[in-house]
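Visitor: I would like to see how this sequence folds:
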Amino acid sequence: PPPPFPAAALWSRLGHPRAGSGGPAPQEPCRERSAAGRCAELYENPWTIPNILSMARMGLAPVLGYLIVEENFNVALGVFVLAGVTDLLDGFIARNWANQKSALGSALDPLADKILISVLYVSLTCANLIPVSLTSMIILRDVALIAAVFYVRYKTLSPPRTLSRYFNPCYATAQLKPTFISKMNTAVQLLLVAASLAAPVFDYVDSIYLQTLWCITAFTTVTSAYSYYHYGRKTVQVINNK
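Guide: Model prediction:
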């Protein structure tokens with residue numbers, strides 16, 4: 001006669017504890033487990049100093065936009081320098097203090113840069129200091145990247161994918177790693193903004209050097225967009241799998 005089918009194997013396949021053992025049912029797989037054997041999900045404190053600085057930079061964006069549209073370039077240049085200081089500070093603090101580094105910050109910092117840059121370019125275009133074609137190129141790239149971030153958030157969030165969990169910054173699911181050319185592009189874009197803001201203050205609006213900087217910015221923007229398309233998943237590090 002065929003050998004009897006082990007009861008333990010049957011209960012294991014059904015997902016129940018072994019008969020008579022009193023042991024717990026097998027746990028669902030997860031990426032990390034705590035010392036007690038529980039499924040560990042990364043839950044961060046979003047109120048770090050770098051994150052607060054990034055949010056402050058977002059808050060300065062509409063202020064800068066208003067000042068530029070009103071052609072108050074002297075004050076706008078000063079506020080822009082303040083925004084640049086917050087950008088330098090949040091990166092410095094996150095690199096040098098481990099407890100200030102977070103997965104949320106890896107997304108919040110570039111998002112703050114993109115919001116600030118988008119508002120500045122639209123405002124400077126309204127003030128006839130930056131061409132419409134260049135601003136359109138930058139806005140389209142940033143919209144595509146932001147849409148990709150929302151998609152990655154959805155795909156890496158463990159069930160249940162509710163709106164409250166999706167928009168809860170404490171649940172860290174992925175860490176973004178911008179490409180080198182993307183970092184260079186952000187620096188060039190900010191350099192053009194600074195030069196354009198200073199142009200009416202120091203009277204070099206029609207300078208050939210400013211127009212050359214337009215071309216360089218357009219080149220780095222296109223190259224940066226292609227780098228994200230080419231490297232794709234290498235720019236995202238998943239923290240918590242579903």
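Visitor: now Val119: how far from Val63?
Guide: According to C-beta to C-beta, to the nearest Å, Val119 and Val63 sit 9 Å apart. Bear in mind the C-beta positions are built from the backbone N, C-alpha and C, glycine included.
Visitor: the two: which has the busier surroundings?
Guide: Val119 (19 against 15; other C-beta atoms under 10 Å).
Visitor: and that one, what does it touch?
Guide: 61-62, 64-65 (C-beta atoms under 8 Å, 6 or more residues apart in numbering).
Visitor: what separation is there between Leu124 and Ile146?
Guide: 20 Å.
Visitor: how about Leu67?
Guide: Separation of Leu67 from Ile146 (C-beta to C-beta): 25 Å.
Visitor: look at those two and report which has more neighbours.
Guide: Set Leu67 next to Ile146 and count neighbours by other C-beta under 10 Å: Leu67 wins out with 20 against 16.
Visitor: which element, helix or strand, includes that one?
Guide: Using DSSP states H and E, Leu67 maps to helix 49-69.
Visitor: which residues sit against that helix?
Guide: Here helix 49-69 makes contact (C-beta under 8 Å, 6+ apart) with 73, 75-76, 79-80, 82-83, 86-87, 89-91, 93-94, 100-102, 104-105, 108-109, 111-113, 115-116, 119-120, 122-124, 126-127, 197.
Visitor: need the buried ones from those selected in ChimeraX.
Guide: In ChimeraX syntax, the buried subset of the contacts of helix 49-69 is picked out as below (16 or more other C-beta atoms under 10 Å):
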select :73,76,79,80,83,86,87,90,93,94,100,101,102,104,105,108,109,111,112,113,115,116,119,120,122,123,124,127,197
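Visitor: any stretches of this structure with poor pLDDT?
Guide: 1-45, 103, 169-172, 174-176, 232-242 (pLDDT under 70).
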